[in-house]
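In: using only what follows, build the 3D model:
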Amino acid sequence: METANSNPTFSASIHEIEWERIKLKLYGLVEGSNVQESSFYLCNYSDDLLIPLKNVSFEGHSFKIVINITTIFNKDRLPNGKWDLLIVSKNNTRKVGIARNLIRGNALDEVYSRNFKSGAKRVYKFHLLLNNKENNLYFDVYFKCSQPKKRRKITFKRRIANFREQLFVTIFNLSKKIVKKNGKRVLFTSASRSKIGGNLGAVYNRMIERNLDKEYKLYKVFKTNIWARSKWWDKFKLPFYLGIADYIFIEDYQPMVNSLEYDEDTEIVQLWHANGAFKTFGYSRLGKPASPKIDGENHRIYTKAIVSSKHVIPYYAEAFAIEEDNVIATGIPKTDIFFDEGYRKETIKKLKNLYPQVKNADKVILFGPTFRGGGPKTAYYPMKKINMESLAQFCRNNNAVVIFKMHFLVKNSLAIPDEYSDVLIDATDYREINDILFIADVLITDYSSTIYEYSLLNRPMLFYAFDLEEYIASRDFYDEFTGFVPGKIVKSFDELLGSLENEDYEFEKVEIFRKKNFEFLHGGAADRVIDWIILRKEKSMPATNNINTNTNGITHENIGSTD
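Out: Numbering: from 1, shown residues only. Presented below is the predicted three-dimensional model:
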């Protein structure tokens with residue numbers, strides 16, 4: 001039905017559709033109106049809901065709509081139901097149609113609909129359908145979650161766990177209520193390191209160097225790894241500090257921070273542990289093994305996240321299901337050490353004493369791959385893909401040593417035979433891989449984000465990607481792997497040894513990679529985190545998209561269809 005003063009020639013239609021992970025992209029044309037004055041909405045009549053679409057761009061009479069299915073509705077998924085796509089311009093409101101080329105053979109649903117598995121017995125169905133009567137596009141959305149069977153008997157172990165969870169929440173709520181916020185309390189916490197380090201350590205130490213610990217109260221709570229039990233006293237300290245903190249800094253997935261009702265002015269800042277955006281993570285992996293539950297709270301609670309450059313802001317916002325405005329290109333604090341000559345010299349000295357094999361070596365090779373598997377519970381590395389004998393022989397022929405730094409989540413241990421210990425070194429227990437980068441002449445990796453830090457040293461890399469196709473299917477990347485990585489890709493161990501022997505690294509790719517992925521190449525990232533987030537000195541945050549959210553008097557009664 002058209003509005004009383006509507007323009008009968010006004011219409012909009014979709015001409016191209018594509019999916020990019022969890023983002024649905026719609027490209028179309030508008031006729032009979034100034035497209036710059038138009039806005040788009042989703043309308044669900046049965047629930048009386050109207051949702052403005054914010055990520056819309058225009059060029060002439062063309063438009064592009066990007067819908068993130070995990071954050072579209074109040075920073076959450078789109079509720080169940082049938083949703084019409086509407087265009088509004090002045091007094092005109094119409095349903096958006098479909099170009100004929102997209103519906104030949106009636107394959108719209110078959111080609112463009114998606115079912116995203118989201119945890120055990122969970123599936124989020126996002127189907128694109130055609131209303132044949134009015135020739136308009138609509139979405140049929142349904143989240144299915146099988147309810148767990150009721151336990152006939154609650155075990156004693158479960159009762160204890162319930163008590164601990166309730167006590168945690170109670171301590172948090174009491175501390176939040178009793179202790180008045182003063183804007184001067186900062187908590188640093190992690191569930192994957194025994195003491196402060198990484199990005200957390202860089203920010204914490206810099207605050208002390210600047211004497212900010214005299215003005216701010218700094219708290220720390222850490223846990224050895226994701227599987228370990230918290231210390232008895234930490235079970236009380238953590239919820240208390242979470243309740244009173246004005247700023248909560250984490251650098252990885254910290255499950256104890258979720259499922260709590262924070263004050264609106266509490267900043268929960270994700271420093272993350274990786275540089276850049278290489279392999280997909282978080283909600284970008286929705287539908288793949290070990291992805292977050294779409295109805296869960298993981299990551300969504302962050303009020304800020306930091307990144308190395310503006311280039312990766314959209315990726316992090318997507319992965320954490322937060323707004324792009326809340327992702328800030330400060331640079332990565334733990335990379336400040338790469339611009340600190342004093343730290344570099346001290347670290348090299350320390351590592352040579354710790355691993356004396358490197359002192360007289362002509363070449364030090366770091367083998368630092370990431371893990372396989374769905375996450376902390378299943379992480380592993382296929383050790384059989386490393387030929388220790390051949391690698392040791394190469395080292396002895398070339399006066400080289402290889403340092404292995406396996407990912408901290410990998411459960412199956414690396415076993416270096418004693419007869420190779422003169423040239424093959426296991427440094428897995430050394431927590432900070434960035435320190436080891438200083439003494440490495442070559443990095444061998446696969447899909448690890450360590451490549452970002454190593455590129456700052458302007459040294460060669462090799463990518464031992466023997467399972468590239470399988471990894472893409474299970475994990476995938478934000479950019480095409482073969483065109484993105486700053487070095488040569490090898491698929492077999494023999495090829496890897498050949499590239500080392502011939503120094504065939506495709507080294508020219510490193511500089512291009514570094515310039516693309518770092519906003520700042522002079523350090524100071526920890527200072528920017530402190531100044532921009534805690535001290536709030538810097539006001540020039542990343543610009544938002546040009547969004548038109550004017551409703552133009554839209555009502556459910558004046559919506560017409562597209563011709």
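In: C-alpha only now, for contacts and for neighbours.
Out: OK.
In: how distant is stretch 130-144 from the center of its chain?
Out: How far stretch 130-144 lies from its chain's middle: 31 Å, per C-alpha atoms, centre = their mean, to the nearest Å.
In: would you indicate which residues of that stretch are buried?
Out: Using 16 or more other C-alpha atoms under 10 Å as the test for burial, stretch 130-144 gives 130, 135-143.
In: now stretch 117-131
Out: 117-119, 122-130.
In: swap in stretch 48-61?
Out: Buried, per 16+ other C-alpha under 10 Å, within stretch 48-61: 50-58.
In: and if you look at stretch 350-363?
Out: Buried residues in stretch 350-363 (16+ other C-alpha under 10 Å): 351, 357-358, 361, 363.
In: give me the distance between stretch 273-290 and the centre of its chain.
Out: Distance, centroid of stretch 273-290 to centroid of chain: 5 Å (C-alpha atoms, centre = their mean).
In: excluding chain neighbours, what is closest to R431?
Out: Residue nearest to R431 in three dimensions, not counting chain neighbours: F408, with 7.9 Å by C-alpha to C-alpha, 6 or more residues apart in numbering.
In: check the one you found and give its pLDDT.
Out: Here the pLDDT value assigned to F408 is 78.
In: what does V88 give?
Out: V88 is given a pLDDT of 92.
In: which secondary structure elements does the helix or strand harbouring it contact?
Out: For V88, the host element (DSSP states H and E) is strand 81-89. Judged by 3 or more C-alpha pairs under 8 Å, 6 or more residues apart in numbering; DSSP states H and E, the packing partners of strand 81-89 are strand 38-44, strand 92-95, strand 136-145.
In: quick check: next helix or strand after the last one?
Out: Once strand 136-145 ends, the next helix or strand along the chain (criterion: DSSP H and E) is helix 156-178.
In: got the buried residues for that following helix?
Out: Buried residues in helix 156-178, counting neighbours by 16+ other C-alpha under 10 Å, are found at 168-169, 171-173, 175-176.
In: now those residues in a markdown table, please, with extra columns for pLDDT and distance to E470.
Out: Listed next are these as a markdown table, based on pLDDT from 0 to 100; distance: C-alpha to C-alpha, whole Å:
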| residue | pLDDT | distance to E470 |
| --- | --- | --- |
| F168 | 95 | 41 |
| V169 | 96 | 41 |
| I171 | 97 | 45 |
| F172 | 97 | 43 |
| N173 | 97 | 46 |
| S175 | 97 | 48 |
| K176 | 95 | 47 |
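In: looking at those residues, which is nearest H15?
Out: The nearest member of the buried residues of helix 156-178 to H15, counting by C-alpha to C-alpha, is V169 at 50.6 Å.
In: ok, now how distant is T189 from N275?
Out: T189 sits 19 Å away from N275, going by C-alpha to C-alpha, to the nearest Å.
In: and this protein, what are its domains?
Out: With domains defined by automatic domain parsing, the chain comprises 11-147, 169-331+530-534, 337-517.
In: lowest average pLDDT across those domains?
Out: Among the domains of the chain, domain 11-147 scores lowest, with a mean of 89.
In: hang on, D504 in a helix?
Out: No: per DSSP: H, G, I helix; E, B strand; the rest coil, D504 lies outside any helix segment and is coil.
In: neighbours of the residue lying closest to it once chain neighbours are set aside, just the number please.
Out: Closest residue to D504 apart from its sequence neighbours, by C-alpha to C-alpha, 6+ apart: K488 at 7.5 Å. As a burial measure, K488 scores 18 neighbours (other C-alpha atoms under 10 Å).
In: and for S89?
Out: 24.
In: ditto for I512
Out: 12.
In: ok, back up a step: any chance of JSON lines for the buried residues of stretch 130-144, columns distance to G483?
Out: Below are these laid out as JSON lines (distance: C-alpha to C-alpha, whole Å):
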{"residue": "L130", "distance to G483": "37"}
{"residue": "N135", "distance to G483": "41"}
{"residue": "N136", "distance to G483": "39"}
{"residue": "L137", "distance to G483": "36"}
{"residue": "Y138", "distance to G483": "36"}
{"residue": "F139", "distance to G483": "35"}
{"residue": "D140", "distance to G483": "36"}
{"residue": "V141", "distance to G483": "36"}
{"residue": "Y142", "distance to G483": "37"}
{"residue": "F143", "distance to G483": "36"}
